[in-house]
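Visitor: mind folding the following:
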Amino acid sequence: MTQPHQNHDDDEAPETPEPAPHDEVDPSEPRTDTPEEDLGEDLKSAGAGHGAADLPDLSDWQPVDQDEATAADPSDPRPLAQGMVIPAAPTDQQDPGAGTAGPVGGTPGPGPATATATASAGVGAGTTAGAGAAPQPKAPESASQLTPDRLLEPRDREPVGGWRRLLFRASLGRVNVGDSDAVRIRRQMQHRISAPLPGTTRYVPVLSRKGGVGKTTVTTLLGMALAQIREDRVIALDANPDRGTLSDRSPGKSEFTARNLVQHRFSVDTFAKLSSYAAREGSRLHVLASDTDPRVAEAFDDADYRAVTELLSKYYSIVLTDSGTGMVHTVMKGTLEKADAVVLVSGASVDEARLASETLSWLEAHGRTELAKNAIVVINQSSGTGRGVNVEEIESHFRSRVATVVRLPHDPHLAEGSRVSLDRLKPGTRDAVMELAALVVDELKG
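Guide: Take a look at the predicted model:
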């Protein structure tokens, strides 16, 4: 191109050079003098050699006001072309929903305005989705649920015993391997036993059609386990029409019996007065004994049982009933009518297992199908097992009729037939008792 000659003497304007002539215009070269009406066609031609996804179809573009064009994304680096907005071509960039990643392939990431708009849209969507689904308030918790397992970090608690505790103390607390699995299982069992039972008093009779199978022993063990762990009050009532032995198996003595409470029930209007009728020395379990005087001629009957339980329901959360032997005595009608769960005791012999199974049949035949179905069967081996008796088969039989079966293993302390102490039980026996107590609470919770 020829440079213009400048005449400094005449101060004339320089001559404008003429454009170089050309015979043919390359269509691939961008045009600088393209009018507005041909802009869309030129873009189509420019994109003819590329994929369909590179440039959008602008055949239907409409001019927009400069204000609308200004409202576009300020982070878009492309200039606006004479009052129109050119949409961005698709680029390979990360999904914004996958996280706040930086630009991919040289394409700038979303700007502050875009992020703010996205956040606002998300808040609105969440509000709309949550409409009509207000969270339900949680039920109030009891104090027993504030346990160390829940509130303390596992490594902050000293192990219960054994080499784990020795290692913890020898290292001044720096090495803590935690409790064993057996300890954790026992702790979980205690949490189940301590579960709250809101509402009315729960009644749990302990049944047996045969004497000597350990019904009173099971009642005592169950009551002690519940009373030791739970915060509410638990009482065991000896409802044997004749001479019962519940007070002989439980620690502590009382000068009064269930019959005395029936006679004086109208004057007993506070728990302090009621507690004087129950024995509770050496245990948190309250025991209401039966008559031991052989001169008493009248048996404890259904009316007496209803009167006593009506009074006990005002002050106790759980009432265990050590019912008499058999199913047709006078107290059984009221016992079953009030029952919320049933514990059926069977011995580990042929005749004892058969009679216990017949007890389930008796309950079903007399309209107590639900009690029979949900009964908890205890196979009591605390006094020993007969030679050649297959206890596995006894357990298998009862599992075909009820949901839960507990085996109470032989224990020298229980075989003595004297007062029961949980501390003197063998570990296996104690675990079985705690399992029984947890199953009873589970059933009472429904």
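Visitor: can you give me the helices for the stretch 251-400 of the chain?
Guide: For the stretch 251-400 of the chain, the helices defined by DSSP state H, counting those that start in this stretch occupy 258-263, 271-275, 302-312, 332-338, 350-365, 369-373, 391-399.
Visitor: the ones you listed: which one's closest to Gly446?
Guide: Nearest to Gly446, of all these, is helix 369-373, at 11.3 Å by Cβ to Cβ. Glycine gets a C-beta too; all of them are placed from N, C-alpha and C.
Visitor: buried residues in the closest one?
Guide: 371-372 (16 or more other Cβ atoms under 10 Å).
Visitor: likewise stretch 318-336?
Guide: 318-327, 329-332, 334-336.
Visitor: hmm, back to that, with mean pLDDT and distance to Asn380 added, can I get the helices of the stretch 251-400 of the chain in TSV?
Guide: Converted to TSV, the helices of the stretch 251-400 of the chain look like this (pLDDT from 0 to 100; distance: least, Cβ to Cβ, whole Å):
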stretch	mean pLDDT	distance to Asn380
helix 258-263	89	25
helix 271-275	91	31
helix 302-312	92	25
helix 332-338	92	20
helix 350-365	93	9
helix 369-373	94	19
helix 391-399	94	11
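Visitor: ok, which of those helices comes nearest Ile379?
Guide: Comparing these under Cβ to Cβ, the one sitting nearest is helix 391-399, at 6.0 Å.
Visitor: the closest one to helix 350-365, inter-axis angle?
Guide: 0 degrees (axes from the mean of the first three to the mean of the last three Cα atoms, to 10 degrees).
Visitor: how about helix 391-399: buried residues?
Guide: 391, 394-395, 397-398.
Visitor: and which of those residues is nearest Lys215?
Guide: Nearest member of the buried residues of helix 391-399 to Lys215, counting by Cβ to Cβ, is Phe398, at 16.0 Å.
Visitor: ok so, going back, dump the helices of the stretch 251-400 of the chain into TSV; add distance to Glu443 as well.
Guide: Formatted as TSV, these follow (distance: least, Cβ to Cβ, whole Å):
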stretch	distance to Glu443
helix 258-263	25
helix 271-275	27
helix 302-312	19
helix 332-338	15
helix 350-365	15
helix 369-373	10
helix 391-399	16
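Visitor: and Ser208, which of these is closest to it?
Guide: helix 350-365 (7.1 Å).
Visitor: what's that closest one packed up against?
Guide: strand 343-347, helix 369-373, helix 391-399 (3 or more Cβ pairs under 8 Å, 6 or more residues apart in numbering; DSSP states H and E).
Visitor: tilt between it and strand 343-347?
Guide: Using the same axes, to 10 degrees: helix 350-365 against strand 343-347 is 150 degrees.
Visitor: run through who's touching stretch 341-360.
Guide: Applying Cβ atoms under 8 Å, 6 or more residues apart in numbering, the contact partners of stretch 341-360 are 202, 204-210, 212-215, 218, 222, 327, 363, 371-372, 374-381, 384-386, 389, 391, 394, 397-398, 401-402, 436, 440, 443-444.
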